[in-house]
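> here are the coordinates; sequence isn't available:
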């Protein structure tokens, strides 16, 4: 029989220890999400309590992030809710070493003292972290509050590291945008626009471009489901410097996305398609340029006349975990002489993360290529196309993978970087 204790908690501890032995890091950081008291994280918290007991209190540092409310009607901070959460953590046998108090505005000393008194945590280890304009300013802000030093003190390894702000200050400075920087307006055309966090990775990938290009990026939203009901509003796309069509599943909003891809091609508006954005770009091009009436994806219309997007024959035989999904990291072969090859530093291969099921139907590669669509990235040793481009366009590229998943601060993915470069041309002389 399998029991939560000791079997599940034991597996968690085993995983952490094996990671430490294999990677040999100075510190292993473990984040337990949710709220103290959730059923979902109770066994994880218990595993960490056991880990501290077995490894010793100075080999484990518990940092509790709590939220200090500031009701607008009162105009002051209130710590009671935070105190109750901390007490719940204490009741589970976990004594926080450090408490980070998140808040909208800086918390006063009296709030820190209340938290300290009710948690048995020294007041100097109760750290207030208020909202900041840019997330990339946060590491330096935490450094100035000496959070890292306090963690090292708990773990008794403060002598191993020397605090140095110079490198972190330089990194923070490079992520900043000057006050006189040009601004571009980017629209994300999708069907989950009511939940902005659905596209959080895309928003972060755009932020990664801001500091590198010294450009402010204003993000706007286009609901492609509404665009289907009101097709005349497609003309509003001319108000944006560039359009991103992100991934998604299902039929809703697809015709709106196809219309966006087609409009950007006709009006020479910079276009970046991600995953499903690749597929709708193919469908739009097949219908408008190749004159393949009825071109579609079998995900949307299983019996369409021209299945330019379809499951590959070998996919139809797959079963088991993930079924026909193409998941995780895969290599992409870049074709020499293409834009994709150039902007990726003329590398022969790149590795990117995928999360999709349907592919470009190989039977239509020839006709699409004949009419001017260039497939500049493919799966190695297979006729599975992963990047497309229209070379005569200002910027019209799409990929079947998710470049936003591997983009980093100061190292934005080349597709995002060159997309934003294209949108800046009319603003920078």
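Done, it's in. All values reported here derive from a predicted model rather than from experimental measurement. Numbers count the residues shown, from 1 in each chain.

> Let me know the pLDDT of the one residue sitting closest to the centre of the chain.
The structure's the chain has its C-alpha centroid closest to residue 201; by C-alpha atoms, centre = their mean the separation is 2.2 Å. At residue 201, the pLDDT value in this model is 95.

> what's the answer for residue 195, then?
pLDDT at residue 195 comes out at 85.

> try residue 39
Residue 39 carries a pLDDT value of 88.

> what ranges do the helices span in the stretch 1-150 of the chain?
For the stretch 1-150 of the chain, helices defined by DSSP state H, counting those that start in this stretch occupy the ranges 9-23, 39-55, 80-91, 109-119, 138-144, 147-155.

> Out of the ones you listed, which gets nearest to residue 284?
Closest approach to residue 284 among those is made by helix 138-144 (40.4 Å; C-beta to C-beta). (Glycine included, C-beta is placed from N, CA and C.)

> re earlier: can you tell me the SS state at the residue nearest to the centre of the chain?
helix (DSSP: H, G, I helix; E, B strand; the rest coil).

> Break this protein down into its domains, please.
4-174, 183-424 (automatic domain parsing).

> Check the ones you listed for me and report the most buried one.
domain 183-424 (a mean of 19; mean count of other C-beta atoms under 10 Å).

> from the middle of its chain, how far away would that domain be?
16 Å (C-alpha atoms, centre = their mean, to the nearest Å).

> now the end-to-end length of it.
8 Å (C-alpha to C-alpha, to the nearest Å).

> got the contact list for the residue nearest to the centre of the chain?
Counting by C-beta atoms under 8 Å, 6 or more residues apart in numbering, residue 201 touches 402, 404, 405, 407.

> correct me, but residue 354 touches residue 328?
Yes: the criterion here is C-beta atoms under 8 Å, and residue 354 meets it with residue 328 at 6.7 Å.

> before we move on, the earlier item: among the helices of the stretch 1-150 of the chain, which comes closest to residue 189?
Nearest of these (C-beta to C-beta): helix 138-144, 30.3 Å.

> contact partners of the closest one?
129, 132, 148, 163, 165, 168, 169, 171, 172.

> now do stretch 286-306
249-251, 254, 258, 262, 265-266, 279, 283, 307-311, 357-358, 364, 367-368, 371-373.

> now residue 382: how far from residue 146?
Separation of residue 382 from residue 146 (C-beta to C-beta, to the nearest Å): 53 Å.

> again, but for residue 254
Applying C-beta to C-beta to residue 254 and residue 146 gives a distance of 52 Å.

> do the same with residue 60
For residue 60, the distance to residue 146 - C-beta to C-beta - is 20 Å.

> hang on, the earlier thing: which two among the contacts of helix 138-144 are spaced furthest apart?
Farthest apart among these by C-beta to C-beta are 132 and 163. That separation is 20.4 Å.

> got the residue ranges for the strands in the stretch 201-350 of the chain?
216-223, 242-245, 271-274, 295-297, 306-310, 326-334, 349-356 (DSSP state E, counting those that start in this stretch).

> With distance to residue 82 added, can I get the ones you listed in CSV?
CSV is the format used below for the strands of the stretch 201-350 of the chain (distance: least, C-beta to C-beta, whole Å):
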stretch, distance to residue 82
strand 216-223, 32
strand 242-245, 38
strand 271-274, 39
strand 295-297, 49
strand 306-310, 50
strand 326-334, 39
strand 349-356, 37
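
> Export those strands as TSV, with columns for distance to residue 415 and mean pLDDT.
Shown next, in TSV, are those (distance: least, C-beta to C-beta, whole Å; pLDDT from 0 to 100):
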stretch	distance to residue 415	mean pLDDT
strand 216-223	15	95
strand 242-245	10	98
strand 271-274	6	98
strand 295-297	22	95
strand 306-310	20	94
strand 326-334	11	89
strand 349-356	10	92
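
> Break down the stretch 201-350 of the chain into its helices, ranges please.
224-229, 254-267, 276-288, 339-343.

> Pipe those helices into TSV and attach distance to residue 13 and mean pLDDT per row.
TSV is the format used below for the helices of the stretch 201-350 of the chain (distance: least, C-beta to C-beta, whole Å; pLDDT from 0 to 100):
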stretch	distance to residue 13	mean pLDDT
helix 224-229	47	92
helix 254-267	46	96
helix 276-288	40	96
helix 339-343	45	97
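
> mind putting those in a markdown table, distance to residue 104 included?
Output for these, formatted as a markdown table (distance: least, C-beta to C-beta, whole Å):
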| stretch | distance to residue 104 |
| --- | --- |
| helix 224-229 | 32 |
| helix 254-267 | 36 |
| helix 276-288 | 35 |
| helix 339-343 | 40 |
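
> Between those, which one is closest to residue 50.
Of all those, the one in closest proximity to residue 50, counting by C-beta to C-beta, is helix 276-288 (44.1 Å).

> coming back round to it: and the strands of the stretch 201-350 of the chain: which comes nearest residue 193?
Among those, strand 216-223 sits nearest to residue 193 (C-beta to C-beta), with 4.3 Å.

> tell me the two of the contacts of residue 201 that are most distant?
The distance between the two most remote of the contacts of residue 201 (C-beta to C-beta) is 9.5 Å, for 402 and 407.

> which residues are in contact with stretch 88-97?
Residues outside stretch 88-97 that contact it (C-beta under 8 Å, 6+ apart): 36-37, 42, 45-46, 48-49, 52, 61-64, 86, 119-121, 125, 154.

> swap the cut-off to 10 Å and go again
Stretch 88-97 is contacted from outside by 35-37, 42, 45-46, 48-50, 52-53, 57-58, 60-66, 86, 99, 115, 118-122, 125-126, 150-151, 153-155, using C-beta atoms under 10 Å, 6 or more residues apart in numbering.

> Straight-line length of that stretch, end to end?
Termini of stretch 88-97 sit 15 Å apart (C-alpha to C-alpha).

> show me what contacts residue 98?
61-65, 121-122, 124-127, 147, 150-151, 153-154.

> Mind doing that once more with 7 Å?
61, 63, 121, 125, 127, 150, 151, 154 (C-beta atoms under 7 Å, 6 or more residues apart in numbering).

> Can you tell me which of those is nearest residue 180?
Closest approach to residue 180 among the contacts of residue 98 (C-beta to C-beta): residue 127, at 34.5 Å.
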